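1. what would the 3D arrangement of this be:
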Amino acid sequence: MKRAKAGGGDDPPRHNGPAGRRQREKRQSEGDDSDCNFGTDDLQGDDNDPGLRREIRSKYRDLINSVQQNREDMLRPSNNKLTEVLEEANKLFKDVRQAREAALDAQLLVVATDLGKEKASQLFAEGTAFDSAAFAEHLLSFMGLNRLEDGEDDQQNGGAVDGYLPQDAWHRVARRAESCVRAAPSFHYMMGSFHAEPPPPKQRIERQKKASTKEAKRIMPTQLKRMEGSHQEATEKEVERILGYLKSYFQDDPTSPILYYEFVIDPKSFSRTVENIFHTSFLIRDGLARMYLDNSKLPCIAPVEEGEVEAGGSVSRKQCIVSISPKMWKELIEAFDIRDTMIQPPNTQNE
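-> I've put the predicted structure just below:
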């Protein structure tokens with residue numbers, strides 16, 4: 001016997017097992033498909049509704065026309081109509097589904113962008129300019145100017161602007177300006193006032209005078225003269241000593257020439273060789289010795305007698321510079337086979 005439900009309807013019999021489960025899944029899938037088809041059909045119906053499409057396009061055209069017709073009013077800084085138009089366009093854009101509507105939205109955006117750019121440029125230009133008349137008007141109104149008063153004060157004050165202003169007009173401006181200007185704090189003494197005394201004058205310290213330069217100049221030449229005199233005396237003594245060697249060698253064998261390099265070269269000391277060349281040059285300069293070339297074209301040196309010195313004083317002399325290096329010094333020693341020096345050092349002579 002079947003049970004009747006409260007609703008009065010008969011439900012399909014339930015089947016246990018795989019067959020019943022397949023039937024329930026089939027009914028659920030059919031119900032889901034019907035719901036999806038319903039939502040898609042509703043959306044497609046809104047997109048294809050010609051009345052709704054015409055209405056959206058009409059509203060876009062009205063917004064474009066309103067922007068173009070009210071362009072001068074929207075350019076004013078105090079006018080916010082452009083913001084309202086953009087907000088309305090954002091609401092309409094939610095229902096845009098077709099290309100014609102998107103084209104109208106882009107056209108409105110171009111018109112609004114041009115208008116906003118022009119408005120921003122005008123605002124910048126107005127911000128940089130200073131209107132002195134407007135500033136004076138705002139200042140007078142801030143100071144409490146009352147233009148609705150009777151003309152009694154005008155007659156008393158001769159029509160001056162002071163009759164319109166209250167007594168504390170400028171005090172208002174001063175109080176307002178105090179907040180804009182950073183004034184330095186007033187100076188006060190923490191421990192009471194005192195009479196400041198001027199600082200004592202600084203004692204002038206006298207600098208010691210420098211020694212006069214004249215005395216220094218007098219002392220320095222004396223020292224230089226002494227040094228020069230001592231060097232000159234040493235040079236003269238060395239020249240006389242070398243002249244003595246030259247005369248002694250010449251007197252031992254007057255017929256045998258004295259080779260110049262054998263006479264000045266010291267095979268044991270390069271510095272002594274240079275000193276010998278230096279001192280021997282004074283003999284040539286003063287005419288106490290002479291140089292000549294022998295048959296082999298080698299330089300030779302010989303002393304000059306006293307009579308020959310006076311006679312040769314008027315003869316023109318030729319001068320030259322003799323250079324020598326350690327390498328050349330060694331080569332000359334080997335070439336002339338010099339074993340011992342002809343001019344003994346001063347220390348050896350003293351010993």
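2. when you work out contacts or count neighbours from here on, use the C-alpha atoms and nothing else.
-> Noted.
3. which residue ranges of the protein form helices?
-> Assigned by DSSP state H, the helices in the chain fall at 18-47, 50-69, 71-74, 81-93, 99-128, 132-142, 152-157, 169-178, 213-252, 260-264, 270-285, 306-312, 326-336, 346-350.
4. does anything pack onto the fifth one? Which helices or strands?
-> Applying 3 or more CA pairs under 8 Å, 6 or more residues apart in numbering; DSSP states H and E, we find helix 99-128 packed against helix 50-69, helix 81-93.
5. where does the stretch 101-250 of the chain dip in pLDDT?
-> Per-residue confidence for the stretch 101-250 of the chain (pLDDT under 70) gives these ranges: 123-129, 147-164, 185, 187-196, 211-232.
6. repeat that with 90
-> The stretch 101-250 of the chain contains residues with pLDDT under 90 at 101-102, 104-105, 108-109, 111-112, 115-244, 246-247, 249-250.
7. okay, the closest residue to Pro303 other than its chain neighbours: pLDDT?
-> In space, and not counting its chain neighbours, Pro303 is closest to Ala289: 4.3 Å by CA to CA, 6 or more residues apart in numbering. Predicted confidence (pLDDT) for Ala289: 89.
8. ditto for Asn79
-> The model's pLDDT for Asn79 equals 82.
9. I'd say it and Asp73 touch.
-> Yes. Between Asn79 and Asp73 a contact is recorded at 6.9 Å, counting by CA atoms under 8 Å.
10. and those two? which has more neighbours close in?
-> Shown here are Asn79 and Asp73; by other CA atoms under 10 Å, Asp73 has more neighbours (14 against 10).
11. pretty sure that one sits against Asn80.
-> No. Applying CA under 8 Å as the test, Asp73 and Asn80 come out as separate, 9.5 Å apart.
12. could you check how far Arg175 is from Glu137?
-> The gap separating Arg175 from Glu137 is 19 Å, by CA to CA, to the nearest Å.
13. likewise Gly51?
-> From Gly51 to Glu137 the distance is 56 Å (CA to CA).
14. tell me which of these two has more neighbours.
-> Set Gly51 next to Glu137 and count neighbours by other CA under 10 Å: Glu137 wins out with 12 against 9.
15. now the helices and strands packed on helix 99-128 as a markdown table including distance to Thr341?
-> A markdown table is the format used below for those (distance: least, CA to CA, whole Å):
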| stretch | distance to Thr341 |
| --- | --- |
| helix 50-69 | 123 |
| helix 81-93 | 119 |
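16. among those helices, which is nearest Ser141?
-> helix 81-93 (29.9 Å; CA to CA).
17. nothing else from me, thank you.
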